[in-house]
Each structure stands twice: as structure tokens, then as C-alpha cells.
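A.B. asks: Return atomic coordinates for the entry below.
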Amino acid sequence: MKRLWKTGTALLLAALLILSGCTARGPAPEESVSSAPEEEDAMPEPTMIPREEVGELENLLLVNAENPVPDDYTPELYPVSGTYQMDADAAGSMLWMLYDAAAQGVDLMVVSAYRGTERQRQNFNNKVQEYISLGLSEEEAVEVTSQWIAPPGTSEHETGLAADIVTPGYQMLNHGFAETQAAKWLAAHAPEYGFILRYPEDKTEITGITYEPWHFRYVGKHAAREITERGVSLEEYLGVAGETYAE
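C.D. replies: Got it, this is the predicted structure:
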């Protein structure tokens, strides 16, 4: 996840990225995606929940910089792809979404799902050190890192309700993913399974997070359809958007 940063720091970072041979167009990923999974047999039909119950469970927990994961929140985890796990509210629906996409010729690839707080802390600290190595001060590095990776305790991945999804033919966590068949399929069909595009391109001032066409969050089918049809963020849907979420 990525937090917005001040203009001065952004310009400094852009210059550093150019000097280091990087482009300023693509955002830095939360974690590297190095290779596609091994070839597997045809995906079996999900059995965790019946198809008619897909998306029926609702979970509108709001997690962001101002609303950290509750101290007593412990997700009940189930596998959804390889070693990746999600909360029970989301896992069954995710399995059906992956299955139906594959049946329609769309190959979705989960590259991040539940992450514990310690893993989130490690990701955050590693990215801070990376920016320091590019010449930023520690304060600047922390500020910029917060645009790309949520500080520990404030990431939706810690709830088990969110997943980063790409496709084997395009495994970069950047804006180019939005142009893939997989991203277009998700944009059209994810609400049917209870998922929303959590950080839309036109809501960064409200969510505090830059556009992430790969990050999908489970809320339940009813809420997902309303949020998508109304073109609002989760913050707006819950009625908490305001000056707190916009600089």
C-alpha cells in the first residue's frame, strides 16, 4: 500500500529514481513478484462454500492510517492460492472468483494476501533502507515509504481481507496492470464476489493511498455492488471521509 507524499519529497525521489535508472511512472511494489507458479492441473471447483453463498458474508472493517487494525482482531485464515491465505469471510469468495475467471480464460494470480504485523514491519523497514540508500534522509525515506507500504498495524493485508492480484503475463505491481485482460475482468466482475477495487485512481485524496489496480478488498457482495455502482471509496461509503483523509 502506498501513502501520498509532499510535492518537494516527490520531486526529490523522482530525480533519484531517474539517476538510478528507474522510471517515475511505475510505483514501487510492496513485495517482489519474481516468477509464475508451477504448472498445475485444471482448477477444481471450490468446496469451501456453495456458489449461492458467495459474497453473502459482510465485513466492512475500515483499516487505514487513522484506523489501525484492532488489537483483538485475529483472522481465521484459509488458503486461497499456494501458501497465500485470507480471512474466512473472504477466502471462499476468492476461490470462486479465481475459478470462474479461469473458466472464462482469464488467469488471475494472487501474489499477496494475509501478512502478519511482523512481516509488514519487515517490508516497511526494508523499503525505508532502500530509499536511504538512494540518498534520502531517514525522515524523508519514512515519508516516501508510507506512500508505497502501509506502516505496521495499518495495512489491510493484516486483516486477511485484501489480496494483490496480477496475471502470469504481467506480474508488475504498477499502473500498467490496469490495461491487462485480468485487470479489466476484475474491474467488471469482482463486486459479484464481494470484492472492491480498494484504491481507485480518483480517490487518492480520500483514501490517502495512490492508485492500486491490483489491490482488491473483500466487503461482501451487497456493499461491493453499491460502492462500485456509486463510484465511492470505502471511506465515503462508511461516511467517514473528510478532512482527516485529505491533505
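A.B. asks: contacts and neighbour counts: CA atoms only from here.
C.D. replies: Fine.
A.B. asks: Now the residue nearest the centre of the chain: phi and psi?
C.D. replies: With distances taken as C-alpha atoms, centre = their mean, the residue of the chain nearest its centroid is residue 215 (2.7 Å). Main-chain torsions, residue 215, degrees, to the nearest 10: phi -100, psi 110.
A.B. asks: Can you name the helix or strand that the residue lying closest to it once chain neighbours are set aside falls in?
C.D. replies: Distance criterion C-alpha to C-alpha, 6 or more residues apart in numbering; nearest residue to residue 215, sequence neighbours excluded, is residue 164 at 4.6 Å. Here residue 164 sits within strand 162-166, counting by DSSP states H and E.
A.B. asks: Okay, buried residues for the following helix or strand past that strand please.
C.D. replies: For strand 162-166, the following helix or strand on the C-terminal side (DSSP H and E) is helix 181-189. By neighbour count on 16 or more other C-alpha atoms under 10 Å, the buried set for helix 181-189 is 181, 182, 183, 185, 186, 187, 189.
A.B. asks: pLDDT added to the residues you listed, as CSV?
C.D. replies: Listed next are the buried residues of helix 181-189 as CSV, based on pLDDT from 0 to 100:
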residue, pLDDT
181, 98
182, 98
183, 98
185, 98
186, 98
187, 96
189, 98
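A.B. asks: and residue 120, how many neighbours does it have?
C.D. replies: Using other C-alpha atoms under 10 Å, residue 120 has 22 other residues around it.
A.B. asks: for residue 116, that is, sorry about that
C.D. replies: Residue 116, neighbours per other C-alpha under 10 Å, totals 14.
A.B. asks: how about it, what does it touch?
C.D. replies: Going by C-alpha atoms under 8 Å, 6 or more residues apart in numbering, residue 116 touches 157, 158.
A.B. asks: So that it lines up with my notes, have the first residue be 28 from now on.
C.D. replies: All right, first residue 28 from here; so that's residue 143.
A.B. asks: okay, residue 81: pLDDT?
C.D. replies: For residue 81, the pLDDT comes out at 97.
A.B. asks: likewise the one 4 residues further on?
C.D. replies: Model confidence at residue 85, expressed as pLDDT, equals 96.
A.B. asks: Next: the one 4 residues further on.
C.D. replies: If you check residue 89, the pLDDT there is 97.
A.B. asks: cool, and residue 29?
C.D. replies: 44.
A.B. asks: Show me how far the strand or helix carrying residue 112 is from its chain's centre.
C.D. replies: Applying DSSP H and E as the criterion places residue 112 in strand 111-114. Mean-position distance between strand 111-114 and its chain equals 13 Å (C-alpha atoms, centre = their mean, to the nearest Å).
A.B. asks: Residues touching that strand, excluding its own?
C.D. replies: By C-alpha under 8 Å, 6+ apart, the list of residues contacting strand 111-114 reads 102-107, 118, 137-141, 186-190.
A.B. asks: Keeping just the C-alphas, turn it into PDB.
C.D. replies: Provided in PDB are the C-alpha atoms of strand 111-114 (Å, rounded to 0.1, in the frame of the first residue of the first chain):
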ATOM      1  CA  TYR A 111      -1.400 -17.400   0.500                       C
ATOM      2  CA  GLN A 112      -4.200 -17.200   3.000                       C
ATOM      3  CA  MET A 113      -7.200 -15.000   3.600                       C
ATOM      4  CA  ASP A 114      -9.800 -14.400   6.300                       C
END
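A.B. asks: Strand partners (parallel or antiparallel) of it?
C.D. replies: strand 104-108 (antiparallel) (DSSP bridges).
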